[in-house]
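> Here is the input, now give the coordinates:
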Amino acid sequence: MATDYPLEIDGLELDALTEKGKPVETRLKDVKCAISIFNTLAKADEKSAVNRARIDAMFDGSAPYNQGSLATSGQPLKTNLNFGEAQRLLDIALSAYVDLYSSLESLVEVKGTMGERSEMEPMESIVSDELTHLMRSWPEFHSAYLRLCTTFIKHGVSIAYFDTPEDWKFRVGGFSDILIPRQTAASESCIDVAVGRRSYLLHELYAFIKNPEAAAKIGWDVEEVKRVISKNASTKGRNRSSNLENFEILQQEMKNNDIYQGIQNPTVSVLHYWVKEMDGSVSHYMCAEDNPKEFLYKKVSRYDNAEQAYVMFTYGVGSNGTYHSIRGLGQRIFAHVQTSNRLRCQQIDGAMLASAVMIQPENQRSLDELQFTYYGAYAVMSPNVKIVEKAIPNLGTAVQPALQDLTQQLQLNTDTVSTYGANQSSPYRNQMQITADMDVTTRLSGASLNLFYSSWTRLLREVVRRVVTTKKRDGAIKDFFERCAKRGVPAQFIETLDVNRTKAVRSIGNGSHANRMVALKELQGISGQFDEVGRKNLTRDIVSTRVGHDLANRYIAPDVEKRPTVDVKIAFFENQQLQQGENVPVIASELHGTHLEVHVPVLNQLIQAINEGQADPMQVLPMLQSFYQHISDTAQLAAGDPALEGLVGQTKQVLQYAEEAINNTMKAAQKIQRDQAMQQGGEEEVEQVEQDSKVQEHQVKMQIAQEKAELDMAIKQKKHEQEMAIRDAKAALEFRQNS
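The predicted structure follows:
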């Protein structure tokens, strides 16, 4: 429930200059003003906190009725169940966000500034890969992401924030954890002050001032921290003394056993303040919630802007463009789910009543002596009792239409799920419809996806900025730089990344496995227009969707080569060797489509030169044979890729022309040899030449026939495998449709 409170908060300086005309150091005056701000914001948030608690209780399974009230009113046995409809909708919506995270091989896309574009692309890919490994290696990353998405879905607003300017590990909360002024426009730059509440164990507070001199230099009030620790420490087992003496005893105990000493004492509630200054920077303050004397920590303009301190995830801008007017899934379905639970409870009560036998005792004594005595198949009831025959209203006929209407309204009001699915009828059912029905309930709408990715990109951009620019590198960041260095990416390249161009990688299919498969299938239809790298990436995406990214490397390696690929250059060098009549072997891991695109035009030029009389056939023959054999071997391997079917067909036609040119050239060479032998006048020599020519011609024909047969066999085998795969897919689809 929104309450109109002024945007101005008492305790914040709203003028840029003091009374003497000097710029103010900070807008937050002192710790008393800070506590006043917190109390004001907490008071204003009371009604909203109650609403959030009711929504959380609904998702957590709280019953629709108060059980104590039912018992007081004489209805303790009334059905009072939460049937989990809200939790089911939350699980459906959350599963789509989990797919957005788990289906990606790289979470971020970075842009470099050092070197040429073709040199930077493979290094950018490596850095993105290692950044993803860094984040996923953080044990709390998965749970933090789930909390972020859960709060975003439930209440419409979730917050990711950082404790320090250096630490890249973010924390997650909502308006129950961080308070901001009412009527604040839905933008981080419009938040004047944000107050977060955190609980610390004593040894955690002590760790901040373990080195008093260094702590004081970075903004800690060492004496105030000591006072707070001493005040909250348990006095059990020691005499009550001054704060200083008490802290010295605590210090010794925490040094010897800081975990035990920290846990046996109550936690300390600490308030964090992020205050926007007049220049747009954000100052950071910390103080104890209970009777603070001074700030525990104070750092003016600690962050350059609000996004370096916290990032707000908002589902839209609400009804009036403010944070507190934004509503999530919980608010949308609360009334429907509560009514649905009550109707279902009433329906169960009606069913139990309808299935029971109504007995009416004539007096109290008959009620006390009521019993049944069984004699085989017969039952004898106590005297003075009669069975009442009374028609019970069929609540099912009244409740079911209402439940169906509520269910339909829920589906229409929640855009995180589809309005029809596998268990409902649709205007038509074809292959596309059946495919969508497989996973339709985990679809995210375009609006919610874009809203989430907008904030997710800003959060990952800040994480990347902290990783690549921090000077105090933790173990995980050091490992990140070492892994990049081993893969050939220098630290200077990472440190000079254009952080502002960092983007979150979007998932194919908008959080739906079925939609992703449909999209990849459509891309297969136009993959013939892709280059080799694009086709290879498409194949890897299909394999990754089926078996996961971890197992995808077993079938196809990730392509980190630059475009154009290095195979283009290799193919040019191979052309030079083939033009000298040398045999060049074909490697299975080559990009065969690229090689065919480079080799076939040269073979065409040779054939054209022979046909037009521009080249001596005898000199060109060794080249023709080398190109023919190399291209035939390459085409056999390329025949396994459906996307190269057109290119393989064209290559096969060119090979046929080359075969004719080789045969014609061989015959011309034989004629020349016979003429030379006849001129020399020896019949034996002519016969020997003819025999040698026939043997040579036979060997060439046999080799050409063998290579041609192998190419045809490879093409037929690949087509057979494709037909079998299509037949299996159709059978699986029909089985799924019939079942």
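> Pro292 looks like it's in a helix, true?
No: looking at Pro292 with DSSP: H, G, I helix; E, B strand; the rest coil, it is coil, so not inside a helix.
> burial measure for it, as a count.
By other C-beta atoms under 10 Å, 19 other residues sit near Pro292. C-beta: built from backbone N, CA, C; applies to glycine.
> Skipping its backbone neighbours, what lies nearest it in space?
Ranked by C-beta to C-beta, 6 or more residues apart in numbering and with sequence neighbours excluded, the top spatial neighbour of Pro292 is Val31, at 5.1 Å.
> center of the protein - which residue?
Tyr101 (1.5 Å; C-alpha atoms, centre = their mean).
> Which residue, neighbours along the chain excluded, lies closest to it?
Nearest residue to Tyr101, sequence neighbours excluded (C-beta to C-beta, 6+ apart): Tyr145, at 5.8 Å.
> tell me the secondary structure for Gly509?
Classification of Gly509 using three-state DSSP returns coil.
> Count the neighbours of it for me.
The local packing of Gly509 (other C-beta under 10 Å) involves 23 other residues.
> mind listing what it touches?
By C-beta atoms under 8 Å, 6 or more residues apart in numbering, the residues touching Gly509 are 99, 103, 515-519.
> In ChimeraX, select just the buried ones from those residues.
Selection of the buried residues among these in ChimeraX, burial being defined by 16 or more other C-beta atoms under 10 Å:
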select :99,103,515,516,517,518,519
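> So which of the contacts of Gly509 sit within strands?
Where the contacts of Gly509 are compared with strands, as defined by DSSP state E, there is no overlap at all.
> The residue nearest to Pro292: how many residues sit nearby?
Neighbour count for Val31, taken as other C-beta under 10 Å: 21.
> Next, the contact list for it, please.
When contacts are counted by C-beta under 8 Å, 6+ apart, Val31 touches 287, 292-295.
> Which of the residues you listed sits closest to Met120?
Looking at these and their distance to Met120, the nearest is Phe295, at 45.4 Å (C-beta to C-beta).
> a strand runs through that closest one, doesn't it?
No: according to three-state DSSP, Phe295 belongs to no strand; its state is coil.
> Test my guess that it contacts Ser283.
No: Phe295 is not in contact with Ser283 according to C-beta atoms under 8 Å; the separation is 10.6 Å.
> where along this structure do the strands fall?
Going by DSSP E, the chain shows strands at 108-109, 157-161, 171-173, 178-179, 193-200, 268-276, 282-288, 297-303, 310-314, 359-361, 372-375, 378-381, 385-387, 503-504.
> closest one to Arg540 among those?
That would be strand 108-109 among the strands of the chain, by C-beta to C-beta, at 16.5 Å.
> mind checking how far that closest one is from the chain centre?
In terms of C-alpha atoms, centre = their mean, to the nearest Å, the centre of strand 108-109 is set 12 Å apart from its chain centre.
> And that strand, what does it pack against?
helix 117-137, strand 503-504 (3 or more C-beta pairs under 8 Å, 6 or more residues apart in numbering; DSSP states H and E).
> Chain neighbours aside, what residue packs nearest to Thr151?
If the residues on either side of it in the chain are set aside, Thr151 comes closest to Ser158, at 3.7 Å by C-beta to C-beta, 6+ apart.
> Compare the strands of the chain and report which one is nearest to Ala635.
When the strands of the chain are compared for distance to Ala635 using C-beta to C-beta, the nearest one is strand 108-109, at 36.0 Å.
> so Val620 touches Asn664, yeah?
No: look at Val620 against Asn664 with C-beta under 8 Å: they stay out of range, at 11.4 Å.
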